[in-house]
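> 3D model of this:
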Amino acid sequence: MGFIFSKSMNENMKSQQEFMLMNSRLQLERQLIMQNEMRERQMAMQIAWSREFLKYFGTFFGITAVSLTAGAIKGKKPVLIFPMVPLGFVLAYQYDMGYGTLIHRMKGEAENILETEKSKLQLPKGMITFESLEKARREQSKFFIDK
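Numbers count the residues shown, from 1 in each chain. Predicted coordinates for the structure are as follows:
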C-alpha cells in the first residue's frame, strides 16, 4: 500500500515540476515579448518626436534662410549666410533621424560594438550577483536581524 502511495506521489510531484517548468518558461517568454514591445514603442516615440521636431525646425530654418539671404543681398554682407551652415547640419540630422537611414546605421554600429568591442560594455566590478545585492540590502536595511 505504501509503495503505491509513494509511486503516486512521485508521479504527481514529477507532473507538478513539469507544470512549474512550463509555467516559468511561458512567463519568461511573456516578459521578453513585453520588453520588446516596450522597446519598439519607445523607438517609435523617438522617431515620431524627431519627425515632429523636424516640422517646426524646418519651418524655422526656411524662414531664417529666406531672411538671412535677403539681408545678405540687401546689405551686401555675405557673412549673414554663415548661420545657415550649422542650422543646415541640424536640419539634415533631424531629417535623417525621422525619415532617413540613421536608425539603421545606428543599429548596425551597435551590432558591431556588441560583436567586436565587448570589453567596452563591461560593468564596473563585473556583473551584479545575488550575493552583491543581498550584501547591499543588508547594509542598507535598518530592520535586518542577522541570525
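> Only C-alpha atoms from now on, for both contacts and neighbour counts.
Fine.
> Show me what counts as buried in stretch 62-80.
Neighbour counts using 16 or more other Cα atoms under 10 Å place Thr64, Ala65, Leu68, Thr69, Gly71, Ala72, Leu80 of stretch 62-80 among the buried residues.
> where's stretch 66-75 relative to the chain centroid, distance-wise?
Between the centre of stretch 66-75 and the centre of its host chain there is 43 Å, according to Cα atoms, centre = their mean, to the nearest Å.
> what mean pLDDT would you report for it?
Mean per-residue pLDDT for stretch 66-75: 94.
> ok, and what's touching it?
With Cα atoms under 8 Å, 6 or more residues apart in numbering as the test, stretch 66-75 has contacts from Lys77, Pro78, Val79, Leu80, Ile81.
> what's near enough to touch Leu87?
By Cα under 8 Å, 6+ apart, the residues touching Leu87 are Phe61.
> Could you look up the SS state of it?
Following DSSP: H, G, I helix; E, B strand; the rest coil, the label given to Leu87 is helix.
> mind checking how far it is from Lys76?
Relative to Lys76, Leu87 is positioned 21 Å away (Cα to Cα, to the nearest Å).
> Need the phi and psi values for Pro83.
phi -60, psi -20 (degrees, to the nearest 10).
> do Met127 as well
Taking degrees, to the nearest 10, you get phi -70, psi 150 for the backbone angles of Met127.
> Mind checking which of the contacts of stretch 66-75 land in strands?
Assigned to strands by DSSP state E, none of those qualify.
> Which two among those residues are spaced furthest apart?
Lys77 and Ile81 (8.3 Å; Cα to Cα).
> Low-confidence stretches in this protein?
Applying pLDDT under 70 to the chain flags residues 1-5, 142-147.
> Now do the helices in this structure.
For the chain, applying DSSP state H gives helices covering 2-75, 84-98, 102-116, 130-140.
> what separates Gln122 from Leu114, distance-wise?
11 Å.
> neighbour count winner among the two?
Set Gln122 next to Leu114 and count neighbours by other Cα atoms under 10 Å: Leu114 wins out with 13 against 10.
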